[in-house]
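In: Requesting a structural model of the entry that follows:
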Amino acid sequence: MNETQIPDVTVVVGAYEAMPYLIRCLESVEAQTIGADRIEIVAVDDGSTDGTGEYLEEFAARSKVPTRVVRQKNSGGPSGPRNVGIGMARGRYVFFLDADDYFGEEALERMVAMADRAGTDVVLGKVVGVNRGAPQSMWRATKERVDVYNSKVIYTLSAQKLFRRELLERLSLRFDENLRTGEDALFTMEAYLRGSGVSVISNYVCYYLVGREDGKHVTKSGNYEWRFDAMRAMMALIHRLEPAGPKRDFLMVRPFTVGMLQQFGPVVLRESEEVRRHKMELAAPLMATYWDDGVARLIKVSERLRLACVALGRTDLLVETVRYIRARTVPEVVASRDGRTLYLAYPYFRDESADLADSNYEVTVPDWHDGKRIDRPKVAARRASLSRRVVRRMRRDMRRWKERLKAG
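Out: Okay, the predicted model is just below:
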């Protein structure tokens with residue numbers, strides 16, 4: 001590729017203490033069927049001491065893939081190197097490849113073809129885990145164009161995707177270097193919401209997400225304070241970009257369920273009173289600002305109830321509720337007098353001392369009436385479906401309740 005030729009893809013590789021994983025990572029770029037003349041690499045060594053920087057320079061000197069190497073002092077996270085890469089990128093598209101991971105051979109060729117054909121700004125190539133888990137729900141079918149409301153893409157907000165560079169420059173979209181975790185979710189969510197659609201490739205494994213044997217993968221590091229910072233940023237972003245209404249409510253389900261609930265799940269049973277109290281303090285302004293009935297009704301009862309305990313600042317109620325749920329206890333189903341509303345009688349249901357409204361126990365997604373399931377927006381119903389065991393219990397109790405009505 002000559003200096004005036006614009007590559008199709010700039011592969012940005014941020015690397016810190018990445019040996020020996022970096023070897024396979026870069027080999028996978030060289031093996032791309034799209035061809036070396038259509039791609040370039042911008043590699044940023046973020047202050048490594050294990051030979052990462054030296055290997056990058058050696059690779060750049062011999063590879064057919066045009067490669068530029070930046071060596072800098074450690075920035076403390078992936079955002080800085082990725083932002084350097086965006087600033088140096090010349091490709092029509094940018095892909096952020098972690099130095100631990102590697103591509104399927106046809107990954108870039110397939111993703112570029114998809115973006116060009118569909119005119120979308122973000123392309124998700126199927127991801128599988130190697131020695132670790134990986135997201136699965138969004139790979140059921142290949143789709144040329146989806147959005148966050150009609151697909152599962154909201155549940156993969158990592159940076160390992162193909163982004164149209166024009167979008168990044170038009171929005172001045174960069175990774176937040178003040179966040180210690182969750183910076184990729186913030187970046188990707190904004191691209192989803194402000195870009196021109198998302199494509200999904202599910203019929204070919206484009207990306208292999210590697211779990212390091214030394215356990216040093218960045219997503220395993222951090223503390224709960226960092227995660228509250230990430231939640232705060234995500235909630236503020238959604239409120240800034242999406243007007244009040246059902247769409248915003250739907251988007252807000254994610255930071256509450258994939259975020260807040262993780263801080264107030266079984267982990268609270270192992271934490272000290274001091275940590276519990278501090279978490280409640282961090283959660284209080286977020287619950288006061290962003291938690292409302294529109295969001296709550298899109299979340300299943302067992303999760304909504306825990307969040308309601310957090311909103312009240314009641315650690316005592318939360319701990320007992322978590323214990324009840326962890327024991328896999330099936331709650332009693334209670335029907336309103338007219339039978340149009342069903343409640344799941346988790347702990348403290350109608351206990352005046354708890355100050356928990358009945359609405360926290362009401363079955364809203366999916367809704368049930370006269371023993372039949374009535375879906376509200378189908379996507380939201382799938383997001384917040386009840387467990388099969390609870391559904392079976394509900395059906396049984398509903399039959400008994402109807403029989404009692406007939407008997408007078």
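
In: Which elements pack onto the host helix or strand of V11?
Out: Secondary structure from DSSP states H and E places V11 in strand 9-15. Using 3 or more CB pairs under 8 Å, 6 or more residues apart in numbering; DSSP states H and E, the elements in contact with strand 9-15 are helix 21-30, strand 39-46, helix 79-88, strand 93-96, helix 107-118. Every C-beta, even on glycine, is put in place using the N, C-alpha and C of the backbone.

In: Alpha carbons of it, as PDB, please.
Out: Presented in PDB, the C-alpha positions along strand 9-15 are these (Å, rounded to 0.1, in the frame of the first residue of the first chain):
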ATOM      1  CA  VAL A   9      -9.400  -0.700   8.000                       C
ATOM      2  CA  THR A  10      -7.000   0.700  10.600                       C
ATOM      3  CA  VAL A  11      -6.500  -2.000  13.300                       C
ATOM      4  CA  VAL A  12      -5.700  -0.300  16.600                       C
ATOM      5  CA  VAL A  13      -3.800  -2.500  19.000                       C
ATOM      6  CA  GLY A  14      -3.200  -1.200  22.500                       C
ATOM      7  CA  ALA A  15      -0.700  -3.400  24.200                       C
END
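
In: what angle do it and strand 39-46 make?
Out: Taking axes from the mean of the first three to the mean of the last three CA atoms, to 10 degrees, one finds that strand 9-15 is oriented at 20 degrees with respect to strand 39-46.

In: Need the contact partners of strand 9-15.
Out: Residues from elsewhere that reach strand 9-15, judged by CB atoms under 8 Å, 6 or more residues apart in numbering: 22, 25-26, 29, 34, 38-46, 48, 52, 56, 78, 80-82, 85-86, 88-99, 108, 112, 162, 165.

In: of all the helices and strands packed on strand 9-15, which lies closest to G133?
Out: G133 lies closest, by CB to CB, to one member of the helices and strands packed on strand 9-15: helix 21-30, at 17.7 Å.

In: follow-up on the earlier one: list the buried residues for the strand holding V11?
Out: Applying a neighbour-count criterion of 16 or more other CB atoms under 10 Å, one finds V9, T10, V11, V12, V13, G14, A15 buried in strand 9-15.

In: can you check stretch 142-161 too?
Out: Buried residues in stretch 142-161, counted by 16+ other CB under 10 Å: 143-144, 146, 148, 151-154, 156-161.

In: try stretch 158-178
Out: Buried positions in stretch 158-178, judged by neighbour count with 16+ other CB under 10 Å: 158-165, 167-168, 173, 175-176.

In: And it, end to end?
Out: End-to-end distance of stretch 158-178: 17 Å, with CA to CA, to the nearest Å as the criterion.

In: burial measure for I299, as a count.
Out: 23 (other CB atoms under 10 Å).

In: does it count as helix, strand or coil?
Out: Three-state assignment for I299 (DSSP: H, G, I helix; E, B strand; the rest coil): coil.

In: What score does T341 have for pLDDT?
Out: Listed pLDDT for T341 reads 85.

In: and the gap between it and M252?
Out: From T341 across to M252, the span is 24 Å (CB to CB, to the nearest Å).

In: Give me the more crowded residue out of the two.
Out: Ranked by neighbour count (other CB under 10 Å), T341 and M252 place M252 first, with 23 against 18.

In: can you confirm that one is in a strand?
Out: No: under three-state DSSP, M252 falls outside any strand and is assigned helix.

In: what residues does stretch 292-308 touch?
Out: Stretch 292-308 has contacts (CB under 8 Å, 6+ apart) with 246, 248-250, 252-253, 256-257, 260-261, 264-265, 287, 291, 318, 321-322, 325, 344, 346, 356-357, 359-365, 380, 383-386.

In: Buried among these? Make that a ChimeraX selection.
Out: Buried subset of the contacts of stretch 292-308, written as a ChimeraX selection, criterion 16+ other CB under 10 Å:
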select :248,249,250,252,253,256,257,260,261,264,287,291,318,321,322,325,344,346,356,360,361,362,363,364,365,380,383,384,386
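
In: In strands, which of the contacts of stretch 292-308 fall?
Out: In strands, judged by DSSP state E, the following of the contacts of stretch 292-308 are found: L344.

In: and E57, how many neighbours?
Out: 14.

In: Quick one: low-confidence residue ranges for the stretch 101-250 of the chain.
Out: For the stretch 101-250 of the chain, the stretches with pLDDT under 70 are 215-222.

In: actually the stretch 301-408 of the chain, sorry about that
Out: 366-408.
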